[in-house]
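Colleague: Need a 3D model of the following:
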Amino acid sequence: MTPAWDTTLLSRVYPGGPFERHLLDEARTGEPIAVTAPTVMEVVRGLQATSADKPTVTVALTWFVGLITSDLVEILPLDRTAAIVAG
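Modeller: Here you go, the predicted structure:
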């Protein structure tokens, strides 16, 4: 598994962009991209908040949910130790 992507990286993934291409390249090697559960929460919340003012962002949210629920991404759960470290 790859090192976990943080919110800064994951929020820059969009269809056809360089981070999506990197993600797809990693997938070809059989390695999903690791993403922490709080990172997913932050990106989804950002997209939801933006979609209130820009309804077209709903398409991006749908695409993102499809991405994170695919085999391309491994969501790392927030366990007790991680929660303590995160503060």
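Colleague: For the rest of this, base every contact and every neighbour count on C-alpha atoms.
Modeller: Noted.
Colleague: Packing partners of the lengthiest helix in the chain?
Modeller: Secondary structure of the chain per DSSP state H: the longest helix is helix 37-53. When contacts are defined as 3 or more Cα pairs under 8 Å, 6 or more residues apart in numbering; DSSP states H and E, helix 37-53 packs onto helix 7-10, helix 57-68.
Colleague: As a markdown table, these with distance to residue 19 would be great.
Modeller: Listed next are these as a markdown table, based on distance: least, Cα to Cα, whole Å:
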| stretch | distance to residue 19 |
| --- | --- |
| helix 7-10 | 8 |
| helix 57-68 | 13 |
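Colleague: Let's have those in TSV, adding mean pLDDT, distance to residue 74 and mean neighbour count.
Modeller: As requested, those are exported to TSV (pLDDT from 0 to 100; distance: least, Cα to Cα, whole Å; neighbours: other Cα atoms under 10 Å):
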stretch	mean pLDDT	distance to residue 74	mean neighbour count
helix 7-10	92	13	14
helix 57-68	93	8	15
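Colleague: Around residue 82, how many other residues sit close by?
Modeller: 12 (other Cα atoms under 10 Å).
Colleague: Now do the helix or strand hosting it: distance to the chain's middle.
Modeller: If you go by DSSP states H and E, residue 82 is part of helix 80-86. Relative to the chain's own centre, helix 80-86 is displaced by 20 Å; criterion: Cα atoms, centre = their mean, to the nearest Å.
Colleague: residues touching residue 9, list them.
Modeller: For residue 9, the contact set (Cα atoms under 8 Å, 6 or more residues apart in numbering) comprises residue 19.
Colleague: any idea how far it is from residue 17?
Modeller: Distance, residue 9 to residue 17, using Cα to Cα, to the nearest Å: 12 Å.
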